[in-house]
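Q: 3D model of this:
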Amino acid sequence: MAIHTEKTEHRQPSAHKMNGWLALSPLFVFLAVYLAGSIIAHDFYKVPVAAAFIIASAYAMFITRSIDKTDDKIAVFSEGAGNKNVLLMIWIFVLAGAFAATAKDVGAIDATVNATLRILPGKLIYAGLFLAACFISMAIGTSVGTIVALVPIASGIAVEEGIGVPFMTAIIVGGAFFGDNLSFISDTTVAATKSQGCSMKDKFRVNLWIAAPAAIIVAALYVVLGLSVEASPSAAPVQWIGLIPYLLVIGLALAGMNVVTVLAVGIGVNGIIGWCTGAYDFVGWMSSIGTGIGSMGELIIVSLLAGGMLELIRYNGGLQFIIDGLTKRISGRRAASLSIAGLVSLVNFCTANNTIAIITVGPLAKDISDRFGLDSRKVASILDTFSCLVQGIIPYGAQMLMASGLAGVSAVAIISNLYYPFALGIVAFLSILLRFPRQYS
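A: Predicted coordinates:
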């Protein structure tokens, strides 16, 4: 989340450089407040993430002593909150909420759940949903779009069959990150390959050696776990017209249409289906849209607060402190590769956006790569893989916020049921230590 170099008083660099740990301390305050509140309440569901962020944001403004006026501190904070990437994420939240609500009101969730239960054998529901999420996310290049399309289906099946909603949601989230990491049209792939000067095809070949083993292991685990599931097809008849909203979203996304446009078209089609089936009239459709948008209110607020707080951390030198600390004592190719992995992971942890993390670290990773003779294709893969790993396990990332909002469960509950991101991290770490695939190491 870059700060524009406008010629205003609060944009000028401070003559006194803030201590790096102090610059990063708002992030620690956020984690402490959230964790402490959860421990006191004995329940992660009862602690609003927005409340923890607003306390940490107020603290971040307080420690920013290089800016005298409160208005100027707020301006820096607002610049982060109003970053185009943050706003794009918010527009997706708004449209996703409206789409999810209008699709639900025309019976799309019930129809898709019933159809899925009829098609998938009960023992393969876990693995089937995971592989479906892997395929769709890889084809459409967006984890958020995959989550929007499949989480309502997975949570519906969970309720229908008495399976934990967080567990079923985690299956979709894990598969969504598989495709986000590998897809040719993913923002992270574009950012990683452009920053390292290699082709997407070559980066894909390297990345496949890392992502595929992790996905196979997790899919096999889901097959084993599914052996104890005795899901039976729903007795209710399938209303096939209800499948149109999700099939349309998936089809348009596969065709390469922008996720915002896809969701907007989906909302319109839901309205047409609702009028044709008598599910609702025009006023009912508008009411459904409003309800869906309202359900995303907390996610929108969290996104704004996180963007603003992280911009203050950046302004005070927190991210540069991380970068300087990790690159100070590099010796050897393994250490150089691990430092790049650590850099992109920490920056992603601070920015909660894997694309921004790659863009931020990319130039420095290129310098390290050139200095130590690393393969640019492997470096691009490291950037993409470790950013996706971190993005998949932070409770305030866009994907986790979206999944928790659509499923109606805590982000922490989803993370505790995740398998794929952790498997991906282990395989990626071993790929650096053991230097595989060998031809790219």
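Q: mind checking which helix or strand of the protein has the lowest mean pLDDT?
A: Of all helical and strand segments in the chain, the minimum by mean pLDDT, DSSP states H and E falls on helix 108-119, at a mean of 72.
Q: ok, residues contacting that one?
A: The contact list for helix 108-119 (C-beta atoms under 8 Å, 6 or more residues apart in numbering) reads 103, 125, 129, 152-153, 156-157, 160-161, 231-234, 236-246, 270. Placement of C-beta: from N, CA and C, glycine included.
Q: chain center to that helix: distance?
A: Put simply, helix 108-119 sits 26 Å off its chain's centre (C-alpha atoms, centre = their mean, to the nearest Å).
Q: helix/strand/coil for Tyr280?
A: Secondary structure for Tyr280, judged by DSSP: H, G, I helix; E, B strand; the rest coil, is coil.
Q: which residues does the residue found closest to it once you drop the neighbours it is linked to in the chain contact?
A: Spatial nearest neighbour of Tyr280, chain neighbours left out: Gly274 (4.6 Å); criterion: C-beta to C-beta, 6 or more residues apart in numbering. Gly274 makes contact with 102, 105-106, 280-281, 284-285, 288, according to C-beta under 8 Å, 6+ apart.
Q: now do Val265
A: Val265 makes contact with 248, 252, 257, according to C-beta under 8 Å, 6+ apart.
Q: got JSON lines for the residues you listed, with pLDDT too?
A: Output for the contacts of Val265, formatted as JSON lines (pLDDT from 0 to 100):
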{"residue": "Leu248", "pLDDT": "84"}
{"residue": "Leu252", "pLDDT": "81"}
{"residue": "Met257", "pLDDT": "79"}
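Q: include neighbour count when you put those into CSV, please.
A: Output for the contacts of Val265, formatted as CSV (neighbours: other C-beta atoms under 10 Å):
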residue, neighbour count
Leu248, 19
Leu252, 20
Met257, 17
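Q: which residues sit against stretch 428-440?
A: The contact list for stretch 428-440 (C-beta under 8 Å, 6+ apart) reads 205-206, 209-210, 334, 337-338, 341, 375, 377-378, 381-382, 385-386, 389, 441.
Q: buried ones among those residues?
A: For those, a neighbour count by 16 or more other C-beta atoms under 10 Å gives the buried set as 206, 209-210, 337-338, 341, 375, 377-378, 381-382, 385-386, 389, 441.
Q: of those residues, which belong to helices?
A: 206, 209-210, 337-338, 341, 377-378, 381-382, 385-386, 389 (DSSP state H).
Q: between these, which is nearest Gly197?
A: Of all these, Gly197 sits closest to Arg377, with 9.9 Å by C-beta to C-beta.
Q: any idea how far the closest one lies from Cys388?
A: Distance, Arg377 to Cys388, by C-beta to C-beta, to the nearest Å: 17 Å.
Q: residue ranges of the helices in the stretch 251-400 of the chain, please?
A: Along the stretch 251-400 of the chain, the segments classed as helices by DSSP state H, counting those that start in this stretch run 259-277, 282-295, 297-315, 318-327, 333-351, 354-372, 376-391, 398-407.
Q: the third one vs helix 398-407, what angle?
A: In other words, helix 297-315. Helix 297-315 runs at 170 degrees relative to helix 398-407, counting by axes from the mean of the first three to the mean of the last three C-alpha atoms, to 10 degrees.
Q: need the residues that contact helix 297-315.
A: With contacts defined as C-beta under 8 Å, 6+ apart, helix 297-315 is touched by 1, 3, 23-24, 26-27, 30, 48-50, 53-54, 56-57, 60-61, 64, 73, 76-83, 86, 89-90, 93-94, 319, 350-352, 396, 398, 401-402, 405.
Q: let's see it at 7 Å
A: Contacting residues not belonging to helix 297-315 are listed as 1, 3, 23-24, 26-27, 49-50, 53-54, 56-57, 60-61, 64, 76-81, 83, 86, 89-90, 93, 319, 350-352, 396, 401, 405 [C-beta atoms under 7 Å, 6 or more residues apart in numbering].
Q: do the second one as well
A: Helix 282-295 is contacted by residues 94, 97-98, 100-102, 105, 267, 271, 274, 280, 405 when judged by C-beta under 7 Å, 6+ apart.
Q: nearest to Asp324, of those residues?
A: Distances from the contacts of helix 282-295 to Asp324 were compared by C-beta to C-beta; the smallest belongs to Gly405, at 36.7 Å.
Q: what about the residue nearest to the closest one when sequence neighbours are not counted, neighbour count?
A: Nearest residue to Gly405 in three dimensions, chain neighbours excluded: Leu299, at 5.1 Å (C-beta to C-beta, 6+ apart). Neighbourhood size, Leu299 [other C-beta atoms under 10 Å]: 24.
Q: just the one 5 residues further on next, same as before
A: Other residues near Leu304 come to 22 when the count uses other C-beta under 10 Å.
Q: ok, now how distant is it from Gly317?
A: From Leu304 to Gly317 the distance is 23 Å (C-beta to C-beta).
Q: hang on, the earlier thing: from the contacts of helix 108-119, which land in strands?
A: Secondary structure assignment by DSSP state E places none of the contacts of helix 108-119 in strands.
Q: which ones are touching Val144?
A: Per C-beta under 7 Å, 6+ apart, neighbours of Val144: 92, 259, 398-399, 402.
Q: out of those, who's nearest Ala220?
A: Set against Ala220, the nearest of the contacts of Val144 by C-beta to C-beta is Gln399 (23.9 Å).
Q: still on that earlier bit, how close does the residue nearest to Tyr280 sit to Leu150?
A: Distance check for Gly274 against Leu150: by C-beta to C-beta, it reads 22 Å.
Q: and the protein, what are its domains?
A: Domains of the chain are assigned by automatic domain parsing as 19-80, 85-298, 309-440.
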